[in-house]
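> Sharing a model that was predicted from the sequence below.
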Amino acid sequence: MSRPVEPGRWRPQHSTRAYRRLRRRVLDAHGWRCAGCGRAGPLELHHRNGDRSDDRPANLLPLCYPCHAAAHGHGRGPDRRPWRAALARLLSGGDL
């Protein structure tokens, strides 16, 4: 069951424990690395198709903050030029 959240914040439609398991599963599948640049560090889950209610592991990508911001059109993203094209392919549903 979802809990109320402060205005402007989104919360997954499942319990915190279930979301943590889902997050760990996605991170394990990607080796705990950013799917965009390969950085190991704080990672966020990005929904490929933009539908935040679709939490299937195939729709989720672990991205570092700069790559996640770049995926949403905010900021430049990391200065790792070879990864920019790979990130664009990945976000469009292709493979690295």
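Nice, thanks for sending it over.
> and L43, what is it in contact with?
The neighbourhood of L43, defined by Cβ atoms under 8 Å, 6 or more residues apart in numbering, consists of L27, W32, R33, C34, P62, L63, C64. Glycine gets a C-beta too; all of them are placed from N, C-alpha and C.
> Next step: these restricted to strands.
When the contacts of L43 are checked against strands (DSSP state E), the matches are P62, L63, C64.
> and the second one, how many residues sit next to it?
Here the number of neighbours of L63 (other Cβ atoms under 10 Å) works out to 26.
> now do the first one
Using other Cβ under 10 Å, P62 is surrounded by 22 other residues.
> same check, this time on the last one
When counting by other Cβ under 10 Å, one arrives at 22 neighbours for C64.
> tally of neighbours for the closest residue to it other than its chain neighbours?
Leaving aside its chain neighbours, C64 sits nearest to C34 (4.1 Å; criterion: Cβ to Cβ, 6 or more residues apart in numbering). Using other Cβ under 10 Å, C34 has 27 neighbouring residues.
> No more questions from me, cheers.
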